[in-house]
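**Student:** 3D, please:
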Amino acid sequence: MNVVGISGSLRRGSFNSALLRAAIEVAPEGCVIEPADIHGVPLYDGDVESAQGIPATVQDLKERIARADGVLIVTPEYNGALPGVLKNTIDWCSRPATDIERVFGDRPVGLIGATPGMGGTRLSQNAWLPVIRALGMQPFFGKSLYVSGASKVFDAQGALVDATIRRLLTDYVAGFAAFVARSR
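**Tutor:** Predicted structure coming up:
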């Protein structure tokens, strides 16, 4: 089973990229989570799309999602909502609109996230739900993971050092993998 993992942060020391790396480490046997890089995705501009088409970085990501059995979105929470850079990436991947079904339709999607704040990423994950619905994806609701206090959960190199979060992440990824397997 192949899952595309997308971290919604561009920051080199991103807690969400660290959480994605940890998810890759704890993935159950038979489930491979392949990270996707969203660096280089330009701001969406319909004029650019009309004149130049879909950028190569976006086309590559679209094809990876279309071939994947599922998508794991690892989302930061910015100002109580979803991160613009990741929303922009997904918006590009939904172009042209005739590709939405092929790329996203019925694809299982999981949402997790980390933040240094106390609330976890509940608001961001909830803000993704209308987007997921609009794209026709299948959200995984069997478990949830909202990592708060991320600066204490990861060490300076970005390794997951909190045993409780590791257990919760392992349970989440196993549950998501089972959900993806049932959806195939």
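**Student:** from here on, just use CA atoms for contacts and neighbour counts.
**Tutor:** Will do.
**Student:** longest single helix anywhere in this protein?
**Tutor:** If you go by DSSP state H, the chain has its longest helix at helix 163-183.
**Student:** what comes up buried for that one?
**Tutor:** Within helix 163-183, the residues that qualify as buried by neighbour count (16 or more other Cα atoms under 10 Å) are 165-166, 168-177, 179-180.
**Student:** pipe the residues you listed into TSV and attach pLDDT and distance to Ala97 per row.
**Tutor:** Shown next, in TSV, are the buried residues of helix 163-183 (pLDDT from 0 to 100; distance: Cα to Cα, whole Å):
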residue	pLDDT	distance to Ala97
Ile165	98	38
Arg166	98	38
Leu168	98	36
Leu169	98	34
Thr170	98	35
Asp171	98	35
Tyr172	98	31
Val173	98	30
Ala174	98	32
Gly175	98	31
Phe176	98	27
Ala177	98	28
Phe179	98	27
Val180	98	24
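**Student:** closest to Gly46 among these?
**Tutor:** Val180 (33.2 Å; Cα to Cα).
**Student:** Ala81 pairs with what?
**Tutor:** Tyr78 (DSSP bridges).
**Student:** let me know the secondary structure of Leu72.
**Tutor:** Put simply, Leu72 is strand when judged by DSSP: H, G, I helix; E, B strand; the rest coil.
**Student:** quick one: it and Asn16 touch, right?
**Tutor:** No: assessed by Cα atoms under 8 Å, Leu72 is found out of contact with Asn16, at 11.6 Å.
**Student:** so which of the two has more stuff around it?
**Tutor:** The neighbour count for Leu72 versus Asn16, taken as other Cα atoms under 10 Å, is higher for Asn16 (27 against 24).
**Student:** report the contact partners of that one.
**Tutor:** Counting by Cα atoms under 8 Å, 6 or more residues apart in numbering, Asn16 touches 7-9, 74-76, 113-115.
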